[in-house]
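K.L.:
after the sequence you'll find the predicted model.
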Amino acid sequence: IHTIHYSGWNPPPGPQRLKGDLLYLDVTTLEGLSYCITASPQGFFLKSSDKEHFDPAPHPDLSSRSHTLAGLLSQISPSFKKNMALHRKELQRRHLFEFIPTPFQVHSWLTHPSRHTYNLVRAHDTLQGRLGHEEHTLGQLRDWNAELAGSRDLPRETMYNRMVRERAIYKVYADFIEAATQGAQAVLDGNIPALNPTDDEKNYLFIWNNIFFSYPFDGRELYKIVGGDRAAYVTAAKDIHGIAAVQELDIKGLHTLATALIDYKGNRIVAQSIVPGILQRDQENILEYGTLDGKKLSRSDKFVHLLKGVGQELNIKIEQVYDHEGRVQEMPSSVECKGIVGTDGRNYLIDLYRTTPPDLNYDQYSEQGIGGEESEKKLDIGHKMAMHRRELVEMFIQYKYSKFIQKFSRLTLEEQGKGEGEGKEEDQKEIEDKTQPEATLEQILEKDLSDIEKNPVLLLATKEDTLGKEKGEGTGEVELKSEATGGLKNDELLSIVSPNDFEGGLECTDQLELGVLLPDGNGQVKVMLTDRKLEVSTEESKEVTEGNGEEKERAKLEQKRIMEILCKSLEGLGSISESDFDLRFNMDLTSHLCKLAENSEVLEKDKSLSVELSEFILHYSIPRFFIDCLQLQAMPVDSVSLTRLLHSRGINMRYLGRITELVSKREDLSHVNTICISDMITRVVKRHLRREMGEVQLSEIPGVIVNAFNALFGCVETPSTDEATGSKKKKGKKRSQKLKQE
């Protein structure tokens, strides 16, 4: 058909509504004939009305009637009948997956622009309501929090239940992202009015479809000390990572808001679901945990209990903080994390950007420069909200855990050597000979790829090198399964002691229990490390408990001796417990909104652990990535794959310059060097375009992009859009020259 749209005679008058008329349609067929169609509960039929006269009676010449609109159009238009049959045959040839809609929008810049056609239906859909941005009628808005909570409360006992639950959660998030994207475009296009039009433009707040929109600017000057608007911009992205980390824990009774970041026309919009009741109450009164501006600190036992579980999984230390009245309060998370109880009774967490430790390589809190050298200048990235990635924290804990196992085994063997006399001196000497220092970064760079492959001392042990050995290989007669890593992924690395280095060997069971067997007079005493919790048991525990008092006393002394060794093994590792391996980081170490009540010794220990983590990325993660590139285990082919490889190893993209400096020293890594340099240039241009596009009107954006690309790829300056509108063209030249200087 040519056109089909709602008729101007809508809505049906009262008498016709009583007769069953639902709506009227105006149709123009390919034959050039115009008809007016009436929709009723009995089906569709033609009426006698035209654009000038209203006549609800059926058409006198054409008494066509059908239960479907397509059936009626096939009766009055031979062309429609023919084309509809061809269209149905084409649909039958397609695969079923071609009909499934994707949950995200796909915009390809490689395709040619489609031809714009005359379509009254499209115009009507766009202009109806409030310029096409009233997707739902009043009273039918979606409650995103209720849908998410309902999806998470679904049963998860069986595999089928878990699949249904995950699919429901995914569907809610897909719908939310689609609605948030549409709303953000409407906000930046000026089609949705602000809730506070009298405030500064960067403090505008918007609500559409039960979604709260705001700009990531420092409107209340909360981040003035740490970077202002730049810090607030980065914090919005960190909040997304924190929400994802808390959601993966899936703690019962703890909820987060559906959140999305939309970058459009050089601006960033934060879209969040609305906490029930937050708009009707004062924010300071409804806050039950955390602080808004650092002046008043709230604390609730309910949130403290919930956040202790979060802190245990995310390695967050329980902090001692002064409140606004000078009292010391225990906070199981950062004070900048806020807890709110909605009117629906659910506990919501917001502002979760401090769920990973601060990066002291880029923070002025640390007295040393990047790499731990005082002579080096502290790098400035425009803000002090640099945080480590969760992948780096997990890798660092695994590295510390393996060091703990090595130290414990060494101290145990030393203790045995002292008790057994000179018989073990040769074995101790052999163990000391096996302990060799790791190669420095300079030594690795001087070696060729063939030397690195031949010398295992230069390579930190990978999962495939040390795990999965079958019983009977080597001298240890050990069976060590991959579960001992606690779920380490294949592309992650673990520096762990070799099973052949110890006489007793390592043993791993299916219960994720890693232990060291120690010989004893009456049996073997096994020190178990179950999920990084230490337990001492004996192989013949039943016989010992049923034996005489002397055997019981000997077992107690043996356990006491082993616990002393465990305590010595934990010294210097940064564990907050003297008998358990438990690494926790102080997330508020560089926070400006709280005053820590810890003593100087504890603060120095927290700072030392954070500094060690910051140095770990320089002396372990980055060299490990370099070695993987040499061995072709990491093969970036473009900017996207490079970013994914670095993030999987816990390396932030702000270290891209240091990686480029490293790979540029090897000719066989020239392809990686090219990708790194291209990525740095692209990021500079992206930041420039984001800043310039956010300051101009929509009609001037093409000129900004053309000037930027000419300055990047060519040397010929093209006139900007200002010249086309009659303005001076000096402004465009200044932008081009400014980009060339950058």
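P.N.:
Yes, it's here. Model, not experiment: these values are computed from the prediction.
K.L.:
who's in contact with the nearest residue to N586 once chain neighbours are set aside?
P.N.:
Using CB to CB, 6 or more residues apart in numbering and skipping residues adjacent in sequence, the residue nearest N586 is D606, 3.9 Å away. Glycine gets a C-beta too; all of them are placed from N, C-alpha and C. By CB atoms under 8 Å, 6 or more residues apart in numbering, the contact list for D606 reads K317, F585, N586, L589, E598.
K.L.:
hang on, the fourth one packs against P358?
P.N.:
I take that to be L589. Yes. Using CB atoms under 8 Å, L589 is in contact with P358, at 6.0 Å.
K.L.:
quick one: low-confidence parts of the stretch 501-650 of the chain?
P.N.:
Scanning the stretch 501-650 of the chain with the threshold set as pLDDT under 70 gives 501-549.
K.L.:
likewise for the chain?
P.N.:
99-111, 113, 121, 124-140, 282-285, 363-380, 417-549, 715-742.
K.L.:
closest to the centroid, which residue in it?
P.N.:
By CA atoms, centre = their mean, the chain has its centre lying nearest to H241, at 3.7 Å.
K.L.:
and the helix or strand hosting that one, what does it pack onto?
P.N.:
Per DSSP states H and E, H241 falls inside helix 229-249. Under the contact definition 3 or more CB pairs under 8 Å, 6 or more residues apart in numbering; DSSP states H and E, helix 229-249 sits against strand 254-256, strand 259-264, strand 267-273, helix 301-314.
K.L.:
so for V187, which of these sits nearest?
P.N.:
Between V187 and the helices and strands packed on helix 229-249, the tightest spacing by CB to CB is seen for strand 267-273, at 6.1 Å.
K.L.:
count the residues that sit near Y289.
P.N.:
25 (other CB atoms under 10 Å).
K.L.:
going forward, begin numbering at 139 instead of 1
P.N.:
Okay, using 139 as the starting number, the last item reads as Y427.
K.L.:
and the helix or strand harbouring it, how far out from the chain middle?
P.N.:
Per DSSP H and E: Y427 is located in strand 425-427. Computed by CA atoms, centre = their mean, to the nearest Å, the chain-centroid distance of strand 425-427 equals 25 Å.
K.L.:
could you list the paired strands of it along with their orientation?
P.N.:
Within its sheet, strand 425-427 is paired with strand 476-479 (antiparallel), according to DSSP bridges.
K.L.:
would you mind pulling the contact partners of the partner strand?
P.N.:
Strand 476-479 is contacted from outside by 413, 416, 424-430, 436, 438, 440-441, 445, 485-489, using CB under 8 Å, 6+ apart.
K.L.:
go with 6 Å
P.N.:
Contacts to strand 476-479, defined as CB atoms under 6 Å, 6 or more residues apart in numbering, come from residues V413, I424, L425, E426, Y427, G428, F441, N485, Y486, L487, I488, D489.
K.L.:
nearest to A369, of the residues you listed?
P.N.:
Closest to A369, out of all of the contacts of strand 476-479 and judged by CB to CB, is D489, at 13.1 Å.
K.L.:
isn't N499 up against F754?
P.N.:
No. Look at N499 against F754 with CB atoms under 6 Å: they stay out of range, at 10.6 Å.
K.L.:
quick revisit: can I get the contacts of strand 476-479 in a markdown table with distance to L770?
P.N.:
Formatted as a markdown table, those follow (distance: CB to CB, whole Å):
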| residue | distance to L770 |
| --- | --- |
| V413 | 50 |
| I424 | 55 |
| L425 | 53 |
| E426 | 53 |
| Y427 | 49 |
| G428 | 47 |
| F441 | 49 |
| N485 | 49 |
| Y486 | 47 |
| L487 | 43 |
| I488 | 44 |
| D489 | 42 |
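K.L.:
from the residues you listed, pick the one nearest N221.
P.N.:
For these, the nearest to N221 is V413 (51.5 Å; CB to CB).
K.L.:
the closest one: which element?
P.N.:
With DSSP H and E as the test, V413 turns up in no helix or strand.
K.L.:
what about it, neighbour count?
P.N.:
22.
K.L.:
I315 now?
P.N.:
The burial count for I315: 17, using other CB under 10 Å.
K.L.:
distance of I703 from Y537?
P.N.:
According to CB to CB, to the nearest Å, I703 and Y537 sit 21 Å apart.
K.L.:
could you do Q554 as well?
P.N.:
According to CB to CB, Q554 and Y537 sit 27 Å apart.
K.L.:
before we move on, the earlier item: among the contacts of D744, which lie within helices?
P.N.:
With helices taken from DSSP state H, there is no overlap with the contacts of D744.
K.L.:
filter these down to just the buried residues.
P.N.:
Among the contacts of D744, those classed as buried by 16 or more other CB atoms under 10 Å are K455, F723, N724, L727, E736.
K.L.:
thought the third one was touching N453?
P.N.:
Same thing as N724. No. Shown here, N724 and N453 do not form a contact pair, counting by CB under 6 Å, at 10.6 Å.
K.L.:
what's the helix or strand for the residue nearest to N724?
P.N.:
Here D744 is assigned to helix 738-754, by DSSP H and E.
K.L.:
about what we covered before: okay, N499 and F754: which has more neighbours?
P.N.:
Neighbour count, other CB under 10 Å: between N499 and F754, N499 has more, with 26 against 19.
K.L.:
give me the phi and psi for that one.
P.N.:
Taking degrees, to the nearest 10, you get phi -70, psi -20 for the backbone angles of N499.
K.L.:
look up how far V413 lies from it.
P.N.:
36 Å.
K.L.:
one more: C705?
P.N.:
Distance from C705 to V413, by CB to CB: 46 Å.
K.L.:
swap in P840?
P.N.:
P840 is 40 Å from V413, by CB to CB.
K.L.:
hmm, L258 is touching Y144, no?
P.N.:
No. In this structure, L258 is not within contact of Y144 by CB under 6 Å, at 8.5 Å.
K.L.:
and the helix or strand harbouring L551, what does it pack against?
P.N.:
Using DSSP H and E, L551 falls within helix 528-558. When contacts are defined as 3 or more CB pairs under 6 Å, 6 or more residues apart in numbering; DSSP states H and E, helix 528-558 sits against helix 687-707.
K.L.:
go again using 10 Å as the cut-off
P.N.:
helix 367-387, helix 439-452, helix 563-572, strand 651-657, strand 662-668, helix 687-707, helix 738-754, helix 777-786 (3 or more CB pairs under 10 Å, 6 or more residues apart in numbering; DSSP states H and E).
K.L.:
and the angle for that helix with helix 367-387?
P.N.:
Calculated by axes from the mean of the first three to the mean of the last three CA atoms, to 10 degrees, helix 528-558 forms an angle of 60 degrees with helix 367-387.
K.L.:
buried ones in helix 528-558?
P.N.:
Neighbour counts over helix 528-558 (16+ other CB under 10 Å) mark 528-548, 550-551, 553-555 as buried.
K.L.:
just stretch 339-357 next, same as before
P.N.:
By 16+ other CB under 10 Å, the buried positions in stretch 339-357 come out as 342, 344, 346-357.
K.L.:
in a markdown table, list those along with distance to L224 and secondary structure.
P.N.:
A markdown table is the format used below for the buried residues of stretch 339-357 (distance: CB to CB, whole Å; DSSP: H, G, I helix; E, B strand; the rest coil):
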| residue | distance to L224 | secondary structure |
| --- | --- | --- |
| Y342 | 51 | coil |
| F344 | 46 | strand |
| W346 | 41 | strand |
| N347 | 39 | coil |
| N348 | 43 | coil |
| I349 | 42 | strand |
| F350 | 48 | strand |
| F351 | 45 | strand |
| S352 | 50 | strand |
| Y353 | 50 | coil |
| P354 | 51 | coil |
| F355 | 55 | coil |
| D356 | 59 | coil |
| G357 | 58 | coil |
